[in-house]
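Q: 3D, please:
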Amino acid sequence: MSLGVNRGEVVLSEYQEIWADEFNHVKNEILKVVKLDKNAIHNIGSTSIPGLSAKPIIDILIGVEDYMSLPESFFEALKTIDIYRLRVEKNDEIVLAKFEDESFQKHTHFIHIVNKGQQKYTELLKFRDYLRSHSDARMEYQRLKEKLSTQYADDRPKYTQEKEAFIKSIINNDVGGY
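A: Residues are numbered from 1 along each chain as shown. Below you'll find the predicted structure:
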């Protein structure tokens, strides 16, 4: 299994069932080093949606009571399994990543820590679940991703930004209205 994409690049791979196994492997690693509710750790993103092409990066959502009060020891424990906090500043989550190797150039996993019940937490799960259960929306998203991956192959932030309207249309139940 080839996991990971270099910083800034957009490369899509056909769905691989092994992605679910990789999520479960990393989830179990996380549970061994930090105390978390196993039911608050979710496989999200395109690699969690059977039949959908994706950047081969596993996205993991962790819901906690208050991500702002997580002790430094929590992040130190995650470092022991090669999960590192990124210097990404977001006002509703903490982002961490695993990398292919110590060069830290190729992301293989992104871990999003948010407050359970927070809007971001529910929206990420809603989008995933909707695409899993609605093949028409999944195929529409597939076509959009293919188009954008060609257009923005070396500009991952722009690729991500251009998908936002579609994602919001699903979250806001305005399917096809993006």
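
Q: tell me how many other residues crowd His107.
A: 22 (other CB atoms under 10 Å). Placement of C-beta: from N, CA and C, glycine included.

Q: that one sits in which helix or strand?
A: Element membership for His107, per DSSP states H and E: strand 106-115.

Q: so what does that strand touch, helix or strand wise?
A: strand 5-6, strand 58-64, strand 94-99, helix 119-133 (3 or more CB pairs under 8 Å, 6 or more residues apart in numbering; DSSP states H and E).

Q: per-residue confidence averaged over the following helix or strand past the second one?
A: Per DSSP H and E, the first helix or strand lying C-terminal to strand 58-64 is helix 72-79. Across helix 72-79, the average pLDDT comes to 97.

Q: is Glu29 in contact with Asp82, as I believe?
A: No: if you go by CB atoms under 8 Å, Glu29 and Asp82 don't touch, sitting 9.0 Å apart.

Q: name the helix or strand for Thr160, please.
A: helix 156-171.

Q: next, the buried residues of that helix.
A: 156, 159, 162-163, 166-167, 169-170 (16 or more other CB atoms under 10 Å).

Q: out of these, who's nearest Ser133?
A: Comparing these against Ser133 with CB to CB places Ile170 closest, at 11.3 Å.

Q: hmm, that closest one is touching Ala137, no?
A: Yes: contact criterion CB under 8 Å: Ile170 and Ala137 qualify, at 6.4 Å.

Q: any shared contact partners between those two?
A: Residues touching both Ile170 and Ala137 (CB atoms under 8 Å, 6 or more residues apart in numbering): 130-131.

Q: you'd agree Glu29 is in a strand?
A: No: counting by DSSP: H, G, I helix; E, B strand; the rest coil, Glu29 is located in no strand; its state is helix.

Q: check what pLDDT it gets.
A: 98.

Q: what does Asp174 give?
A: 59.

Q: and for Phe99?
A: Phe99 is given a pLDDT of 91.

Q: roughly how far does it sit from Glu9?
A: Between Phe99 and Glu9 the distance is 14 Å, computed by CB to CB, to the nearest Å.

Q: what residue is smack in the middle of this protein?
A: Centre of the chain computed as the mean C-alpha position; nearest residue by CA atoms, centre = their mean is Asp59, 2.6 Å away.

Q: if that one is in a bridge, with which residues?
A: Taking DSSP bridges, one obtains Ile44, Phe110 as the residues bridged to Asp59.

Q: test my guess that Gly8 contacts Lys158.
A: No: assessed by CB under 8 Å, Gly8 is found out of contact with Lys158, at 9.9 Å.

Q: burial measure for the nearest residue to Glu100 once chain neighbours are set aside, as a count.
A: Nearest in space to Glu100, with sequence neighbours left out and distances taken as CB to CB, 6 or more residues apart in numbering, is Lys106 at 3.9 Å. Taking other CB under 10 Å as the neighbour definition, Lys106 ends up with a count of 16.
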